[in-house]
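Chemist: Have a look at this prediction, sequence included:
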Amino acid sequence: MNEDELRKLGLRVRRRPEPVRRQNRPGHIAFDDRGNAIYEWNDERLGDEGEDAERLRKRALAHPGLAVVEDEPNPNEPIRNNPKGLRLGYNPYESGLLTKKERRPKRDLRELSKWIEMKKKLNSKPPEE
């Protein structure tokens, strides 16, 4: 069916976007005789052994939007609080310290009863003249 026939049926036609292709790729994925995936370099110098080839490979695979960061935090660094952790759920990579709200101290109900009784007695006494 062509595009006009589909529109007559009430269907919308959207073109699929073309995949973005990088022209300056240093190589591509290929398969060896056993069917294992291998990376095949476009430039023969990148496949050589040695420090120069290693430097060339690093430069060819470098991406300007990526950076290397330390995975392990400093062991002396204090643990950060995570107030949203209990509401949103547990994320093991960004959990931080999960703390609940502080509870008010419990009231001593015996003392409260004594205080209420004393107030009643004071209010029920007739005024002295």
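Modeler: Arrived safely, thanks for sending.
Chemist: And the contacts of the lowest-mean-pLDDT helix or strand in the chain?
Modeler: Lowest mean confidence among the helices and strands of the chain (mean pLDDT, DSSP states H and E): helix 85-88, at a mean of 74. Identification of contacts with helix 85-88 by CB atoms under 8 Å, 6 or more residues apart in numbering yields N91, S95, G96, L98, K100. C-betas here are computed from N, CA, C, even on glycine.
Chemist: okay, those residues in CSV with pLDDT next?
Modeler: Below are these laid out as CSV (pLDDT from 0 to 100):
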residue, pLDDT
N91, 71
S95, 69
G96, 75
L98, 74
K100, 73
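Chemist: which one among the residues you listed gets closest to L56?
Modeler: Minimum distance to L56 across the contacts of helix 85-88 is 38.9 Å, recorded for N91 (CB to CB).
Chemist: give me phi/psi at that closest one?
Modeler: Reported as degrees, to the nearest 10, the phi and psi values for N91 are phi -120, psi 110.
Chemist: check contacts around it.
Modeler: Each residue near N91 by CB under 8 Å, 6+ apart is listed here: G85.
Chemist: Please repeat the previous calculation with a cut-off of 10 Å.
Modeler: Residues in contact with N91, defined by CB atoms under 10 Å, 6 or more residues apart in numbering, are N82, K84, G85.
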